[in-house]
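Participant: quick one, structure for this:
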Amino acid sequence: MHNQTLILIQCQDAVGLVANISNTLAKYQLNIITMREYVDEEANKFFVRVVCNGLFPNQTQLANSLAEVLPPSAQIQVNPSNRKKIIVLVTKEHHCLADILVRQHFETWGAEVQAVIGNYDTLRSFTDKFDIPFHCISHEGLSKEDFETQLIAQIKNYNFDYIILAKFMRILSSFFVATFENRLINIHHSFLPAFIGANPYKQAHSRGVKIIGATAHFVTDQLDEGPIIVQDIRHVNHTYTVKDMVTAGKEIEKAVLSRAIRLLSEDRVMLNDYKTIVFE
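Facilitator: You can find the predicted model right below:
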């Protein structure tokens with residue numbers, strides 16, 4: 001955000017938090033443009049995203065001043081980077097990767113792809129067109145542990161904020177997920193858990209489903225059950241063939257993943273245990 005100050009806070013809820021935050025910002029002549037807050041009453045937790053006019057030069061000073069008027073252990077971020085660095089993991093499907101790289105090429109969002117890593121070489125030539133590094137780390141002939149060791153080593157060659165699983169068709173171990181906790185983002189179709197395994201669209205077609213969709217979420221130890229960032233659906237009917245459903249599903253997947261990346265790059269997503277707070 002140019003010439004603006006962004007502040008993200010999460011802490012225990014208490015009386016007067018909004019007033020305390022507003023008064024502290026006023027002390028530094030920071031005018032609030034937007035202030036979106038949410039209270040999880042069950043957990044007694046407070047979340048707020050504040051945008052102010054003017055770029056405050058001393059982030060540490062402002063964070064310390066806010067900490068003085070907030071409950072202990074408050075999490076405070078002032079002006080996190082507005083250009084989020086991402087690494088994209090892929091297998092063979094191109095639709096999500098293509099959407100990400102085209103958006104980066106035309107600079108339509110605040111995300112920068114540092115590298116693409118695939119367990120097949122299929123998408124190398126496409127990635128090369130955008131002058132982005134592509135690394136192939138094959139899983140074939142390797143144990144999961146050895147494969148992930150090589151994958152982790154390659155990822156750690158880069159500075160990044162998030163790892164995007166753009167149809168990366170490998171189940172990740174608990175160790176891998178813990179290594180990159182709260183930084184792994186996945187996209188999958190909405191048929192889970194009803195239609196598991198291969199050919200979910202064929203299974204859905206045979207059952208005559210009337211909606212298809214996609215979910216973008218943080219990755220946890222629970223397969224495809226991490227905190228949800230974005231979901232969307234599309235209505236279908238009896239005229240749709242399996243191929244039609246697959247095509248529609250891919251369109252929804254790339255749109256949902258793109259929206260999730262945009263929300264993350266704009267710091268509009270806060271984790272709240274098994275859920276997310278999304279300030280759209």
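Participant: residues near Lys45, how many?
Facilitator: 17 (other Cβ atoms under 10 Å). Bear in mind the C-beta positions are built from the backbone N, C-alpha and C, glycine included.
Participant: now do the phi/psi pair for it.
Facilitator: phi -120, psi 140 (degrees, to the nearest 10).
Participant: how close does it get to Leu8?
Facilitator: 14 Å (Cβ to Cβ, to the nearest Å).
Participant: next: Asn23.
Facilitator: 18 Å.
Participant: swap in Thr122?
Facilitator: Distance from Thr122 to Leu8, by Cβ to Cβ: 38 Å.
Participant: which of the two has more residues huddled nearby?
Facilitator: Neighbours were counted for Thr122 and for Leu8 using other Cβ under 10 Å; Leu8 has more, 19 against 14.
Participant: can you classify that one by secondary structure?
Facilitator: Secondary structure, DSSP: H, G, I helix; E, B strand; the rest coil: Leu8 is strand.
Participant: so what's Asn23 up against?
Facilitator: Val69 (Cβ atoms under 8 Å, 6 or more residues apart in numbering).
Participant: what about it, which SS state?
Facilitator: Going by three-state DSSP: Asn23 is helix.
Participant: quick one, phi psi at His205?
Facilitator: According to degrees, to the nearest 10, His205 has phi -60, psi -40.
Participant: quick check: closest non-adjacent residue to it.
Facilitator: With Cβ to Cβ, 6 or more residues apart in numbering as the criterion, His205 has its nearest non-adjacent residue at 4.7 Å, and that residue is Val242.
Participant: my guess is the one you found meets Gln203, correct?
Facilitator: No. Contact criterion Cβ atoms under 8 Å: Val242 and Gln203 do not qualify, at 9.6 Å.
Participant: which residue ranges of the stretch 101-250 of the chain form helices?
Facilitator: Remark: helices assigned in the stretch 101-250 of the chain by DSSP state H, counting those that start in this stretch are 124-128, 144-155, 174-179, 200-207, 242-265.
Participant: the inter-axis angle of the longest one versus helix 200-207?
Facilitator: Read that as helix 242-265. If you take axes from the mean of the first three to the mean of the last three Cα atoms, to 10 degrees, helix 242-265 sits at 130 degrees to helix 200-207.
Participant: domain-wise, how is this structure divided?
Facilitator: Under the assignment the TED database, the domains of the chain span 4-78, 84-278.
Participant: for those, which one ends up most surrounded?
Facilitator: domain 84-278 (a mean of 17; mean count of other Cβ atoms under 10 Å).
Participant: from start to finish, how long is that domain in a straight line?
Facilitator: Criterion Cα to Cα, to the nearest Å; first-to-last residue distance in domain 84-278 is 17 Å.
Participant: with stretch 45-59 instead?
Facilitator: 24 Å.
Participant: one more: stretch 166-181?
Facilitator: End-to-end distance (Cα to Cα), stretch 166-181: 17 Å.
Participant: strands of the chain, start to end?
Facilitator: 4-12, 31-40, 45-53, 75-78, 84-90, 111-118, 134-136, 162-165, 184-189, 211-218, 228-235, 269-272, 275-278 (DSSP state E).
Participant: out of those, which gets nearest to Glu253?
Facilitator: Minimum separation from Glu253 across those (Cβ to Cβ) falls at strand 211-218, 4.4 Å.
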